[in-house]
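J.: sequence and predicted structure below; questions after.
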Amino acid sequence: MINSDHQKTEVESEPEQEEYVPIRKRLEEQYENENKMNEEDEEILLGPKATKTLLEQKIELMNQQPLVEQNQISKQEKLKLEEEELLQQLDPLKPLLAVSERSSGVIYKDPIKTGWEAPYRVQKMSQEESNELRKKLHIIVHGDDVCNPIKSFKLLRFPRSLVKGLVERGIRKPSPIQIQGFPLVLSGRDMIGIAFTGSGKTLVFILPIILFCIDEELKMPIGAGEGPIGLVVCPSRELAGQIYDEINFYSAQMHKHGGYPLLRTMLCIGGIDKREQLDGIKRGVHIIVATPGRLLDFLDRKKFDLELCRHLAFDEADRMIDTGFEEDVRSILDFFRHQRQTLLFSATMPKKILNFAMSALVKPVIVNVGRAGAANMDVIQEVEYVKQESKLIYLLECLQKTPPPVIVFCENRNDVDEINEYLLIKGVSSVGIHSGKNQKERNEAIRTFKDMKVDVLIATDIAGKGLDFRQVQHVINYDMPEDIESYVHRIGRTGRCGKTGIATTFINQNSSESILIDLKHLLMEAKQRIPPVLQSLSDPEDVVRDKNGELVECAFCSGLGHRITNCPKLEEMNYKKMQQSSIQGRSNEWL
Ligand SMILES: Nc1ncnc2c1ncn2[C@@H]1O[C@H](COP(=O)(O)OP(=O)(O)OP(=O)(O)O)[C@@H](O)[C@H]1O
């Protein structure tokens, strides 16, 4: 978690802790309270409420069928329905609609219009041909009127100067998420893109946004104080910096090789001088890349507005709307004055977040490449039992597995500092990054590591999501993260864009059994070797399989080894939420 360190410090410094109330009880109470307040709102938005539970409705439905057709509700089905119900109770949140949209009663039914159209050759592809191609590439789509996938940049009508830029980056043909994602985004559709780490999701939103902005600029140049047309929001400053650099790279390529206008972009994140950022706005800006805290700060203080903004992308979207931050997202949406295109991307997307996110989209298309939350198959996953006291020594040995650069992840920042000190003493060139460091130190750490001036980066989950370090062949988890999604993101820092990588994870008696069972199933799914220590763990009784015998994932964290009723992430989040209810304001991490 990006701000887990910060949260831990706050929690530790609390003199008196509130009494711990079991999750079910708290949820029941919370649901009752929120329900009272939101009944009217919800009825307007969602229609009249059902008076019966899903289970009762199902039984009633079955009773209406002829006796012969009646099957007993299986234990599994019953569990699934109970889970659906629990999920609904967990989600007493209003749909992700901005207050302004709700108050004006405006409901958009059609996607926004763009000037892009697929070539005739693509348009006349039959449904069977499209499905065949999707099947071959493991692309699964959900949604109405999904446009055909497109296999080449040329057919996508990308300008030559842009293709030149792609080639300079070693990119010659679109990846599966891009084959389906580009035509959808270019044609104005709202989209949720879910594909494994390192599969090229970033380009799916940045390239179309660049093209839309150039188109607008050519029609009517952006004036002083105007813009942005495109807004990208992501959960960490480092990721924002990376996306910002990518946008500038492709814009510069199009300017240099094609004479297109050079786009004005702005990085809107905490930890850097506000005045510098505001200077950018004065000249007018086409694209802003932001973290939510600083963005809301500027929007609240009317430093710029979203009057012209038509394209909004959330990267690592599930993290953005994870418990506790949906209010920030709602506030951002509230600044939009006109219809927008909304795009969400991540390698993990638990069902709870997906349901919630869908309410902000218009006629959305969900594009999946593989199971949401599955590990990248190009990463060889190794799990080793290492006693707590032997970890540092073993780490040195483990670093020899591959040539540098290597990333070492750990849960808390004290460990980052301790490991960094140890490695430096042992003569290993390393650098540490965590939320306790100032932005200058954080930027410096990422830069020196990216430029391969140091061999090892030691990081908390602050560097776990979205960051693209092309050369990294080995990721070491010094400890097992608290939830399986963070594990998937962490190991995804290697094995990117088709290259193979190794991930080594240290486990011991400190790792919770629940997360180890999730890990075991994730390894099984990715056809990896299961070490004896994990083999000996048996599944809890409530684990459910679908008709094909596949495990049904937890709807809250996508873990395969437990149900939502026993979700450790949910338990942890609710505990933290309760602990922090007295702490006012947004986390520093987001500013
Ligand atoms: N079609 C492509 N062919 C080859 N390389 C590509 C292609 N598209 C993107 N890349 C490169 O692959 C790397 C990973 O891309 P990107 O960062 O977009 O992955 P991602 O899917 O967003 O991963 P994560 O989930 O970890 O954020 C980048 O270096 C990018 O330049």
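T.: All right, it came through fine. It should be emphasised that the depicted structure is a prediction, and the values quoted were computed from it without experimental measurement.

J.: now the helices for the stretch 351-500 of the chain?
T.: Assigned by DSSP state H, counting those that start in this stretch, the helices in the stretch 351-500 of the chain fall at 351-358, 391-398, 413-425, 439-450, 484-491.

J.: put the alpha carbons of the second one into CSV.
T.: In other words, helix 391-398. What follows is the C-alpha trace of helix 391-398 in CSV, where atoms were taken according to Å, rounded to 0.1, in the frame of the first residue of the first chain:
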residue,chain,number,x,y,z
LYS,A,391,16.9,-12.9,6.1
LEU,A,392,19.7,-10.3,5.7
ILE,A,393,22.4,-12.9,5.2
TYR,A,394,20.3,-14.9,2.7
LEU,A,395,19.4,-11.7,0.8
LEU,A,396,23.1,-11.2,-0.1
GLU,A,397,23.2,-14.8,-1.5
CYS,A,398,19.9,-14.3,-3.3
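
J.: please enumerate the strands of the chain.
T.: 139-142, 191-195, 230-233, 265-268, 287-290, 311-315, 341-346, 365-369, 379-385, 406-409, 430-433, 456-459, 474-477, 501-507 (DSSP state E).

J.: tell me the gap between the third one and the middle of its chain.
T.: Taking the mean of its C-alpha atoms, strand 230-233 sits 15 Å from the chain's own mean (C-alpha atoms, centre = their mean, to the nearest Å).

J.: ditto for the second one
T.: Relative to the centre of its chain, strand 191-195 is centred 10 Å away, using C-alpha atoms, centre = their mean.

J.: about what we covered before: closest to residue 457 out of the helices of the stretch 351-500 of the chain?
T.: With C-beta to C-beta, the closest approach to residue 457 among the helices of the stretch 351-500 of the chain belongs to helix 439-450: 4.4 Å. Every residue, glycine included, has its C-beta placed from N, CA and C.

J.: can you tell if that closest one touches the ligand?
T.: No. Residues of helix 439-450 are not located near the ligand by C-beta under 6 Å from any ligand atom, the shortest gap being 11.2 Å.

J.: quick one: distance of that helix to the chain centre.
T.: The chain centre lies 22 Å from the centre of helix 439-450; the measure is C-alpha atoms, centre = their mean.

J.: any buried residues in that helix, and which?
T.: By neighbour count on 16 or more other C-beta atoms under 10 Å, the buried set for helix 439-450 is 442, 443, 445, 446, 449, 450.

J.: cool, and stretch 486-505?
T.: Buried residues in stretch 486-505 (16+ other C-beta under 10 Å): 486-496, 501-505.

J.: dump the strands of the chain to JSON lines, plus distance to the ligand and mean pLDDT.
T.: Formatted as JSON lines, the entries for the strands of the chain read as follows, by distance: least, C-beta to the nearest ligand atom, whole Å; pLDDT from 0 to 100:
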{"stretch": "strand 139-142", "distance to the ligand": "14", "mean pLDDT": "96"}
{"stretch": "strand 191-195", "distance to the ligand": "6", "mean pLDDT": "96"}
{"stretch": "strand 230-233", "distance to the ligand": "12", "mean pLDDT": "98"}
{"stretch": "strand 265-268", "distance to the ligand": "17", "mean pLDDT": "95"}
{"stretch": "strand 287-290", "distance to the ligand": "14", "mean pLDDT": "97"}
{"stretch": "strand 311-315", "distance to the ligand": "7", "mean pLDDT": "96"}
{"stretch": "strand 341-346", "distance to the ligand": "7", "mean pLDDT": "95"}
{"stretch": "strand 365-369", "distance to the ligand": "9", "mean pLDDT": "96"}
{"stretch": "strand 379-385", "distance to the ligand": "11", "mean pLDDT": "97"}
{"stretch": "strand 406-409", "distance to the ligand": "12", "mean pLDDT": "98"}
{"stretch": "strand 430-433", "distance to the ligand": "17", "mean pLDDT": "97"}
{"stretch": "strand 456-459", "distance to the ligand": "14", "mean pLDDT": "97"}
{"stretch": "strand 474-477", "distance to the ligand": "12", "mean pLDDT": "98"}
{"stretch": "strand 501-507", "distance to the ligand": "12", "mean pLDDT": "97"}
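
J.: against residue 196, how distant is the closest residue to the ligand within the stretch 451-591 of the chain?
T.: The minimum distance from the stretch 451-591 of the chain to the ligand, using C-beta to the nearest ligand atom, falls at residue 497 (3.3 Å). For residue 497, the distance to residue 196 under the criterion C-beta to C-beta, to the nearest Å works out to 11 Å.

J.: picking that back up, could I get the strands of the chain as TSV with distance to residue 275?
T.: Rendered in TSV, the data for these read as follows (distance: least, C-beta to C-beta, whole Å):
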stretch	distance to residue 275
strand 139-142	45
strand 191-195	36
strand 230-233	21
strand 265-268	13
strand 287-290	16
strand 311-315	26
strand 341-346	31
strand 365-369	41
strand 379-385	43
strand 406-409	34
strand 430-433	26
strand 456-459	30
strand 474-477	38
strand 501-507	41
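
J.: which one, of those strands, ends up nearest to residue 296?
T.: With respect to residue 296, and counting by C-beta to C-beta, the nearest of the strands of the chain is strand 287-290 at 9.0 Å.

J.: and the closest one, what does it pack onto?
T.: Helices and strands touching strand 287-290, by 3 or more C-beta pairs under 8 Å, 6 or more residues apart in numbering; DSSP states H and E, are helix 201-219, strand 230-233, helix 237-258, strand 265-268.

J.: and the first one, anywhere near the ligand?
T.: Just to be clear, that refers to helix 201-219. Yes. Contact between helix 201-219 and the ligand, assessed by C-beta under 6 Å from any ligand atom, occurs at 201, 202, 203.

J.: for that helix, give me every contacting residue.
T.: In this structure, residues lying in contact with helix 201-219 by C-beta atoms under 8 Å, 6 or more residues apart in numbering are 114-116, 158-159, 162, 171, 177-178, 181-182, 185-186, 193, 195, 222, 229-230, 232, 243, 246-247, 250-251, 254, 260-261, 263, 286-287, 310-311, 313, 315, 343, 345-347, 466, 468.

J.: in it, what's buried?
T.: Of the residues in helix 201-219, those scored as buried under the neighbour-count criterion (16+ other C-beta under 10 Å) are 201-214, 216-217.

J.: for the closest residue to the ligand within the stretch 251-400 of the chain, what are its contacts?
T.: Distance from the ligand to each residue of the stretch 251-400 of the chain (C-beta to the nearest ligand atom) is smallest for residue 347, at 4.0 Å. Applying C-beta under 8 Å, 6+ apart, one finds that residue 347 lies in contact with 194, 195, 196, 197, 199, 201, 372, 373, 376, 488, 489, 492.
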